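Undergrad: quick one: sequence and predicted model below, then my questions.
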Amino acid sequence: MRVYFDNAATTPISTEVIELMADLMKTHHGNPSSIHKEGREARTVIEEARKTIAQNIGASIGEIFFTSGGTESNNMVLKCAVRDLGVQRIISSPIEHHCILHALDALEKSTDVSVEFVEVDTKGRVNFEHLEYLLSMSNEKTLVSLMHCNNEIGTLMDLDKVSRICQKHDTFFHTDTVQTMGYFPIDVSTTKINFLAGAAHKFHGPKGVGFIYINGDNIIKPMIDGGSQERNMRAGTENIYGIAGMAKALEDACANMESKKEHISGLRSYMKVQLLDHFNDIQFNGDHDGSFHYKTLSVSFPPSPKSDLMLLNLDILGICASGGSACSSGAEKGSHVLEGIQVSPNRKSIRFSFSKYNTMEEVDYVIKQLKKIVDTKETVA
C-alpha cells in the first residue's frame, strides 16, 4: 500500500483534467500564433482558459498571463517591479518560499533595491504592527511581498488586512497564492492586490504551468523576450494543453469548495487526534489551531534515534511525506522556515498534507506504520 500525504508539494492530476488534455492533444495541434484555422482553434482554447481563471479570482481577462508556474510568476513580479515600476525597497518575510528569497538575493546583488523583513512570531504569523512601522519609516517606492500561506507549516495570512495596510501607505502588494489557490476564495475585485501568483500542480492540474495576475493599473515589461505571445508580456509558444488543464483544474477546485474543505479538514483533524492519543510529546508547527491551511499538518516529533531516518523509513513503509527540520548529523541544511519560527533543531518535523483523494483508512495506516519507528505512549509506559 502507498499513501500519498505530500499534497503541499504537488497533487495528483485529476482524471477529468487528464482526459481534457489528452483530447486536446489529439485534436488541437496548431500554433496559437498562426492565423490559419488550426492556429485560431488553439488560440480559442487559450483565451477560454484565461476567461475561466479570471472569473474564478474576480479579475478581468486582460489581467491574467500564463507562465511556467509559481517560481516564474514570483520572479517576474519582483524583478520587473524593480526594473519597470521604480520600486526601491521590498518588504518580505524570512519564511517565504525560496523562489522569493533567492530572487531577493539576486536583486540585492544586481540592483540598488533594499530588502527588509517583517517580523514573524513562533507560529509564523506576520507582525502587522511591525509591517506598519516599516512602511512608515520610508517614502521610497515599496513593494510588499508576502505569501498567503506558508508552504511548510500552513500558517495562513489575512490578505485583506495586508491589502488595507498597503493601500494606506500607497504601497504595491504582491502575494504568492500557490498554496491557497483553489482552496480558499480569492477575489481581487474586492481585495486590492497588485500582483498574484498561482501554479496548476497544487490544485490537481499539470506541472509546468501557472499564471500571474497583474492589476491593470500596473504596467510592467516582459521578463522573457522573443515573440509577442501573451499580449507581448511573455515570449514563447504557449503550452495550450497545460493552460487548458490548469483552467479545468481551477474550475473544478472552486466548485463545491466547502464540501472538499470539510473532507480534507476532517482528515487533518483526525490525524491530529490520533497522533496526540498514541505518541508522547507531539507538537505541531505553525498556527495549527488558529489561522491555518486545512490541507497541511506540520508535526514535530521529540528527539529519538528512531526519528533520525523517519522520512526514509516512512517511504519504505509506503508513506510519502515531506521533512522540514535539520537532521541530527548536520549533513543537510535545515529548514529556514522552522529556523525562522524558532523550532528546536533537535526535534524532527514531518509535513503531512492531504487532498480530496485521501481517506481516513490512509490516516489509520500512517499511524500504524509510525508506531514502528516512533515510541508510542504504550512503549514508553
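TA: It's in. Numbers count the residues shown, from 1 in each chain.
Undergrad: is residue 4 in a bridge, and if so with what?
TA: Under the criterion DSSP bridges, residue 4 forms beta bridges with residue 320.
Undergrad: next, the contact list for it, please.
TA: Shown in contact with residue 4 (CB atoms under 8 Å, 6 or more residues apart in numbering): 12, 320, 355, 357-358. Where C-beta positions appear, they are placed from N, C-alpha and C, glycine not excepted.
Undergrad: quick one: the helices in the stretch 51-200 of the chain?
TA: For the stretch 51-200 of the chain, the helices defined by DSSP state H, counting those that start in this stretch cover 70-84, 98-110, 128-136, 159-168.
Undergrad: so of those helices, which one's packed in deepest?
TA: helix 70-84 (a mean of 23; mean count of other CB atoms under 10 Å).
Undergrad: count of residues packed around residue 34?
TA: By the criterion of other CB atoms under 10 Å, residue 34 has 13 neighbours.
Undergrad: per-residue pLDDT, it?
TA: At residue 34, the pLDDT value in this model is 95.
Undergrad: figure out the helix or strand that it lives in.
TA: Assessed by DSSP states H and E, residue 34 sits outside every helix and strand.
Undergrad: ok, now how distant is it from residue 25?
TA: In this view, residue 34 and residue 25 are 17 Å apart by CB to CB, to the nearest Å.
Undergrad: make CSV from the helices of the stretch 51-200 of the chain and add distance to residue 145 to it.
TA: Output for the helices of the stretch 51-200 of the chain, formatted as CSV (distance: least, CB to CB, whole Å):
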stretch, distance to residue 145
helix 70-84, 6
helix 98-110, 6
helix 128-136, 12
helix 159-168, 10
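Undergrad: can you check which of those gets nearest to residue 203?
TA: helix 70-84 (11.7 Å; CB to CB).
Undergrad: and the closest one, what does it pack onto?
TA: Packing partners of helix 70-84 (3 or more CB pairs under 8 Å, 6 or more residues apart in numbering; DSSP states H and E): strand 89-92, helix 98-110, strand 142-145, strand 172-176, strand 195-199, strand 210-214.
Undergrad: please export the C-alpha coordinates of the second one as PDB.
TA: This means helix 98-110. What follows is helix 98-110, C-alpha atoms only, in PDB (Å, rounded to 0.1, in the frame of the first residue of the first chain):
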ATOM      1  CA  HIS A  98      12.900  30.100  -1.700                       C
ATOM      2  CA  CYS A  99      11.800  31.400  -5.100                       C
ATOM      3  CA  ILE A 100      11.100  34.700  -3.300                       C
ATOM      4  CA  LEU A 101      14.100  34.700  -1.100                       C
ATOM      5  CA  HIS A 102      16.600  33.700  -3.800                       C
ATOM      6  CA  ALA A 103      15.100  36.300  -6.200                       C
ATOM      7  CA  LEU A 104      15.500  38.900  -3.500                       C
ATOM      8  CA  ASP A 105      19.100  37.900  -3.000                       C
ATOM      9  CA  ALA A 106      19.700  38.200  -6.700                       C
ATOM     10  CA  LEU A 107      18.100  41.700  -6.800                       C
ATOM     11  CA  GLU A 108      20.200  42.900  -3.900                       C
ATOM     12  CA  LYS A 109      23.400  41.800  -5.800                       C
ATOM     13  CA  SER A 110      22.400  43.300  -9.200                       C
END
